[in-house]
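need the 3D shape of this:
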Amino acid sequence: MKKKYTIKDIARLANVSVSTVSRVLNDATDVNEKTRQNIKDIIEKVKYNPNPAAMALVNRKTKYVGVAIPSIHHSSISKTVQGIMRVLHEEGYDVILFDFDYDESNALEKRYYETLDQKMIDGLIMITSVADDKDILITSNKVPTVLVERSIPESDITSIIVDENSAMLQIVDYLLRMGHQRIGFINGEKGTSSADRRLKSFEWAMKKRNLVVDADCVRHTKWSLHGGKDAFIELMSRQCQCTALVFASDQMALGAIGGAYEMQISVPEDISIVGFDNYEEGMVTNPPLTTMDYPSVEIGEIAARSVLEKIYDDQAEAKQYVLPLDILIRHSVKDIRNN
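Modelled structure (predicted):
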């Protein structure tokens, strides 16, 4: 049987260290040209094919970044992942996705992080995590970590979030200008960092404008079309008295428009609906959806550049990004001032 050469065999044949062979394989510039050529000649002669896992152990670099997400089916998250992949691929890195499927118990996400050593990744981007702060801090000590849609105060972990308070205040102010004061809220699953922040921001904006949050018109549901539809039907069946509903994502808002059609409720004639993250299908629904212009791809690009910065320099300073949002006014809100 033909001998399968290892990086140690190449180092022995070239009479150099394993790390020197590794530097040649990775095109490092700090290797004598004569030594480099000798190693390349030996590699070609014995038909050596580097093992990626072995190379990772030698170099402590795998060229993989883990991206932990609650669900790839969420539109803004999939766009954020696109932004991450675009930047990482340009730098020669690939992505390993960890989808914890909105597991509120945190067990699946925690299991991913406990096996980081075996998965051999150079960095980790965590999107709207449900993990405990202490688990994230432990993880960040193992591997360069960046948080998206979440931050841990007084930590040295870079985070990228949006200005939820400003966004919700824009929505509430717009609805007030259109005559709405009884405003309900349909949110994602409890325990996800984005849902927790979005509810706090909604409550803050309502209080800021001296409006009452009616607990009978606030619901948590799945971050999905079906979740939005089910929550909307349940609220309307209970005779919720709100004239407008704010949704924590466009997917849920579009599901609600489908539920309204089934219940023969007209949007916006009977109830007004506002989304949050500018799901592109919201532009072509009937009616087109008023929402917040959410920079999903930009968030992914910032996250990718941030984790690369930490991979290249483990002393790089952590940064806290807070991105502004602007309201996109379409046709899903009715002016009821003269009603």
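
helix or strand with the lowest mean pLDDT in the protein?
Within the chain, no helix or strand scores below helix 52-59, which has a mean of 53 by mean pLDDT, DSSP states H and E.

so how many other residues sit close to the closest residue to S151 other than its chain neighbours?
Nearest non-adjacent residue to S151, counting by Cβ to Cβ, 6 or more residues apart in numbering: S159, 3.7 Å away. The C-beta positions use only the backbone N, C-alpha and C, and glycine is treated the same way. For S159, the tally of surrounding residues (other Cβ atoms under 10 Å) stands at 22.

backbone dihedrals for S159, please?
phi -130, psi 150 (degrees, to the nearest 10).

circling back to that earlier point, C-terminal to the least confident helix or strand of the chain, what's the next element?
As assigned by DSSP states H and E, the chain's next helix or strand after helix 52-59 is strand 64-69.

chain center to that next one: distance?
10 Å (Cα atoms, centre = their mean, to the nearest Å).

now stretch 303-312
The chain centroid and the centroid of stretch 303-312 are separated by 15 Å under Cα atoms, centre = their mean.

check contacts around the residue nearest the centre of the chain.
Centroid check for the chain by Cα atoms, centre = their mean gives I127 as the closest residue, at 3.4 Å. Shown in contact with I127 (Cβ atoms under 8 Å, 6 or more residues apart in numbering): 67-70, 77, 80-81, 148-149.

distance to R337 for those - can I get that in TSV?
Listed next are these as TSV, based on distance: Cβ to Cβ, whole Å:
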residue	distance to R337
V67	46
A68	46
I69	42
P70	39
I77	37
T80	38
V81	42
V148	39
E149	35
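
outline the domain layout of this protein.
Residue ranges for the domains of the chain, per automatic domain parsing: 7-59, 64-162+296-325, 164-293.

go through the host helix or strand of I138 and flag the buried ones.
If you go by DSSP H and E, I138 is part of helix 133-142. For helix 133-142, burial by neighbour count (16 or more other Cβ atoms under 10 Å) applies to 135-136, 139-140.

can you check stretch 310-320 too?
310-311, 318.

pretty sure D99 contacts G66?
No: counting by Cβ atoms under 8 Å, D99 does not reach G66; the two are 11.3 Å apart.

the more surrounded of those two?
Set side by side, D99 and G66 show more neighbours around G66, with 23 against 17, by other Cβ under 10 Å.

quick one: the more buried one and M120 touch, right?
No: using Cβ under 8 Å, G66 is not in contact with M120, being 9.7 Å away.

low-confidence stretches in the chain?
Of all residues in the chain, those with pLDDT under 70 make up the ranges 1-2, 26-29, 50-60, 101-119.

can you give me the offset of stretch 303-321 from its chain's centre?
For stretch 303-321, the distance to the chain centre is 16 Å (Cα atoms, centre = their mean).

now do it: everything it contacts.
Stretch 303-321 has contacts (Cβ under 8 Å, 6+ apart) with 61, 65, 80, 83-88, 91, 93, 122-125, 144-146, 148, 151, 155-161, 302.

out of those residues, which end up buried?
Buried among these by 16+ other Cβ under 10 Å: 65, 80, 83-85, 87-88, 93, 122-125, 144-146, 148, 151, 155, 157-161, 302.

for the residue nearest to the centre of the chain, list each beta-bridge partner.
Going by DSSP bridges, I127 is paired in beta bridges with V148.

from P295, how far out is it?
14 Å (Cβ to Cβ, to the nearest Å).

again, but for D156
25 Å.

ok so, going back, which ones among the buried residues of stretch 310-320 map onto helices?
310-311 (DSSP state H).

tell me the one of the buried residues of stretch 310-320 nearest R238?
A318 (45.2 Å; Cβ to Cβ).

what about the strands in the stretch 101-250 of the chain?
Ranges of strands in the stretch 101-250 of the chain, per DSSP state E, counting those that start in this stretch, are 123-127, 145-148, 158-162, 183-187, 218-220, 244-247.

turn those into TSV, columns for distance to V24.
Listed next are those as TSV, based on distance: least, Cβ to Cβ, whole Å:
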stretch	distance to V24
strand 123-127	25
strand 145-148	31
strand 158-162	33
strand 183-187	54
strand 218-220	56
strand 244-247	55
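
ok, which of those strands comes nearest E280?
strand 244-247 (15.9 Å).

much appreciated, bye for now.
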